[in-house]
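A.B. asks: Output the structure for:
(one chain, ligands or ions: 1)
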Amino acid sequence: MNIEPLVQRIGREIFAHARRAAPGVLEQGWWQQRGLEWTMRHEHLKARLFEFIGSLPGQPNAAAVARSLRDHLCSNGDDLPWPLRLAVDFDDEHSWHARLSAWAATMAAHRMARQFIVGSTPHEALATVGGMRRYGRCATLDILGEDVSNDTIAEGFCRRYLDLIEALSAVAPTWRYDALLDDAPFGLLPRSNVSVKLSALSPNFSPHRRPIDVMLVRERLRRIVRAARDGGGFINVDMEHFVLRDATLAVFEAIFSEPEFRDWPHAGIVIQAYLRDSRGDLDRVLAWVRRRGTPITVRLVKGAYWDYETAAAERESRESPVWAEKWESDAQFEALTRVMLENSAWVRPAFGSHNIRSIAVALACEQALALPPRTVELQMLYGMGDPLKDAVVAMKQRLRVYCPMGAWVPGVAYLVRRLLENTANESFLRQGFAEGISEAVLLQPPQRLAKPAADRRE
Ligand SMILES: Cc1cc2nc3c(=O)[nH]c(=O)nc-3n(C[C@H](O)[C@H](O)[C@H](O)COP(=O)(O)OP(=O)(O)OC[C@H]3O[C@@H](n4cnc5c(N)ncnc54)[C@H](O)[C@@H]3O)c2cc1C
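C.D. replies: I've put the predicted structure just below:
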């Protein structure tokens, strides 16, 4: 089955809608776009700017912020634009000038973080998520939290997930029914949808975990899943670093094999296509779900930790678990897309991507296999690629927005990850919307970008 002509047609349609939806010059999005474009043209400065932003939560006062700003921006004669040059042109970090610069930098970082974070409390988050439905977008909510250093913090996370689910269960039924968002070919979808990271549920869910740590994670996940089921919700278990992959799959399978949850279909897991053996992961999940007898949702992504996995493998002199070249992750994403859609009776297919080619392949496979419209669910991140969101909504696709909520400190770490992702050389968003690479190139099959074997050996 050659779906390529269909992929091209759908891809061009998405591009056409997205270009119409691109923000105008007076909107916040336009200025942010220009700012990001500027940092992308100054790679060395970009790294230091993002490092400065990442350091902000640890700064004790305005003088320390000012000092850090100057240290990060003022080395070896960079060609700074005049507002930044002016900001760091002070001698005394306690002066009003330095304080003003520190305040402006902190405000700018807060503002950027708010672009990617849906709120700091369930109340704020639910107001935003409820409002998004008017624009044809449903949501999955996640609680940000990077540093779970002891069991009290982990228990606190579990509590916050439970509070969030309780708040969602109370509010979600009051949202107006919308067939595009609430109905799928396989039935009504829960409006309350929460994504959970297992590493938040124990300080020791790590490569060195003991059976007791895994039991604790299972116990907390069980409480969360029970609350979601009783409140008519959905729980997705996110995928994190490679060293947690097997344990995450094992905990997921164990919980959803328990008699209490065995028949419950509102559970989801993530497969990362950048892993060389991700086909094995998908086959494992498919085999398990058939034994279980009740379908689940699978969110296919490429994977958020490519730099980390590559560097860790290099450091430890072992083979990297992730593909070495971007086109390989893209090609694997397309291959797994097809397998998921061929098995959509068992794995309800969701695709987390801002890459128009990857999205077009999912929609083309759905059509080519004569599956009912909206078998596919598209998922994108809050605050990223908004013209793309408008485009797929205009095409009457179901779009779920991944909405992190949380406070400033974990928010900054998340902000820096998103900034790095948006501005990475090989990012589709960068190539498609900042560098003006042609649609024909961006839509070509990933295999066309494979270098000949001889080049690769160099
Ligand atoms: C709704 C949603 C939920 C998500 N949930 C998760 C999750 O649970 N776990 C998780 O890990 N990620 C998750 N992600 C993040 C996702 O993995 C990244 O956003 C995604 O990788 C970016 O891919 P893209 O298709 O949008 O963009 P593209 O620009 O097409 O792809 C970028 C990706 O390609 C891969 N890549 C980059 N360079 C190379 C290289 N040299 N060689 C090989 N591969 C390379 C990396 O995975 C990189 O992130 C989620 C994303 C979304 C939208």
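A.B. asks: Which secondary structure element of the protein has the lowest mean pLDDT?
C.D. replies: Considering only helices and strands, the least confidently modelled element of the chain by mean pLDDT, DSSP states H and E is helix 453-457, at a mean of 54.
A.B. asks: how's the chain carved up into domains?
C.D. replies: Following the assignment in automatic domain parsing, the chain carries domains at 22-114, 118-405.
A.B. asks: ranking those domains by burial, who's on top?
C.D. replies: Among these, ranked by average contacts under mean count of other Cβ atoms under 10 Å, first place goes to domain 118-405 (a mean of 19). Using the backbone N, CA and C atoms, a C-beta is placed for each residue, glycine as well.
A.B. asks: just checking, what packs against whichever strand or helix holds residue 328?
C.D. replies: Here residue 328 is covered by helix 326-342, with elements defined by DSSP states H and E. Other elements packing on helix 326-342 under the criterion 3 or more Cβ pairs under 8 Å, 6 or more residues apart in numbering; DSSP states H and E are helix 278-292, strand 296-301, strand 347-352, helix 356-368.
A.B. asks: how far off helix 356-368 does it point, in degrees?
C.D. replies: 20 degrees (axes from the mean of the first three to the mean of the last three Cα atoms, to 10 degrees).
A.B. asks: what about residue 205, which SS state?
C.D. replies: Under the three-state scheme (DSSP: H, G, I helix; E, B strand; the rest coil), residue 205 adopts coil.
A.B. asks: and the residue of the stretch 251-400 of the chain at minimum distance from the ligand, what is it in contact with?
C.D. replies: Closest contact between the stretch 251-400 of the chain and the ligand, by Cβ to the nearest ligand atom, is at residue 352 (3.0 Å). For residue 352, the contacting residues are 270, 299, 300, 301, 379, 380, 381, 402, by Cβ atoms under 8 Å, 6 or more residues apart in numbering.
A.B. asks: One more pass at 10 Å, please.
C.D. replies: Taking Cβ atoms under 10 Å, 6 or more residues apart in numbering as the criterion, residue 352 is in contact with 140, 238, 270, 272, 299-302, 304, 358, 377-381, 400, 402.
A.B. asks: Just the ones in strands from the residues you listed, please.
C.D. replies: Using DSSP state E to define strands, the subset of those located there is 140, 270, 272, 299-301, 377-381, 400, 402.
A.B. asks: of all those, which comes closest to residue 49?
C.D. replies: Out of the ones in strands among the contacts of residue 352, the one with the shortest distance to residue 49 is residue 381. That distance is 20.9 Å, counting by Cβ to Cβ.
A.B. asks: quick one: that closest one from residue 406, how far?
C.D. replies: Between residue 381 and residue 406 the distance is 14 Å, computed by Cβ to Cβ, to the nearest Å.
A.B. asks: Show me what from this structure comes close to the ligand.
C.D. replies: With Cβ under 6 Å from any ligand atom as the criterion, the chain comes near the ligand at residues 238-239, 270, 272, 274, 301-306, 322-326, 328-329, 352-355, 358, 379-381, 402, 426-428.
A.B. asks: any weak-confidence spans in the chain?
C.D. replies: For the chain, applying pLDDT under 70 flags the ranges 22-36, 75-78, 146, 452-458.
A.B. asks: Could I get the full set of strands for it?
C.D. replies: Listed from the start of the chain, the chain has strands (DSSP E) covering 137-143, 183-184, 187-188, 192-196, 233-237, 267-272, 296-301, 347-352, 377-381, 398-405.
A.B. asks: Now tabulate these in TSV and tack on distance to residue 88.
C.D. replies: Below are these laid out as TSV (distance: least, Cβ to Cβ, whole Å):
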stretch	distance to residue 88
strand 137-143	35
strand 183-184	53
strand 187-188	56
strand 192-196	39
strand 233-237	43
strand 267-272	40
strand 296-301	38
strand 347-352	38
strand 377-381	32
strand 398-405	31
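A.B. asks: Quickly list what the closest residue to the ligand within the stretch 1-150 of the chain is bridged to.
C.D. replies: When distances are taken as Cβ to the nearest ligand atom, the stretch 1-150 of the chain approaches the ligand most closely through residue 140, which lies 7.3 Å from it. In this entry, residue 140 is beta-bridged to residue 402, by DSSP bridges.
A.B. asks: With residue 187 instead?
C.D. replies: Counting by DSSP bridges, residue 187 forms beta bridges with residue 184.
A.B. asks: Quick check: it vs the ligand, distance?
C.D. replies: When distances are taken as Cβ to the nearest ligand atom, to the nearest Å, residue 187 and the ligand turn out to be 22 Å apart.
A.B. asks: Tell me if I'm right that residue 221 and residue 252 touch.
C.D. replies: Yes - between residue 221 and residue 252 there is a contact at 8.3 Å, judged by Cβ atoms under 10 Å.
A.B. asks: Mutual contacts of the two, please.
C.D. replies: For the pair residue 221 and residue 252, residues contacting each of them under the criterion Cβ under 10 Å, 6+ apart are 198, 235, 237.
A.B. asks: how much space is there between the last one and residue 250?
C.D. replies: Put plainly, it is residue 237. 11 Å.
A.B. asks: for the second one, same thing?
C.D. replies: Using Cβ to Cβ, we find residue 235 at a distance of 17 Å from residue 250.
A.B. asks: do the same with residue 109
C.D. replies: The span separating residue 109 from residue 250 equals 38 Å under the rule Cβ to Cβ.
A.B. asks: And for residue 445, the neighbour number?
C.D. replies: In terms of burial, residue 445 registers 16 neighbours under the definition other Cβ atoms under 10 Å.
A.B. asks: for residue 429, same thing?
C.D. replies: Under the criterion other Cβ under 10 Å, the count of neighbours that residue 429 has is 20.
A.B. asks: For it, give me its contacts.
C.D. replies: If you count contacts by Cβ under 10 Å, 6+ apart, residue 429 has them with 36, 354, 355, 356, 384, 385, 387, 388, 421, 422, 423, 435.
A.B. asks: who wins for proximity to residue 116 among the helices and strands packed on helix 326-342?
C.D. replies: strand 347-352 (15.0 Å).
A.B. asks: ok, that closest one: who's next to it in the sheet?
C.D. replies: Using DSSP bridges, strand 347-352 pairs in its sheet with strand 296-301 (parallel), strand 377-381 (parallel).
A.B. asks: Does the residue of the stretch 1-150 of the chain closest to the ligand touch residue 194 like I think?
C.D. replies: Yes - contact between residue 140 and residue 194 holds when scored by Cβ under 10 Å: they sit 6.6 Å apart.
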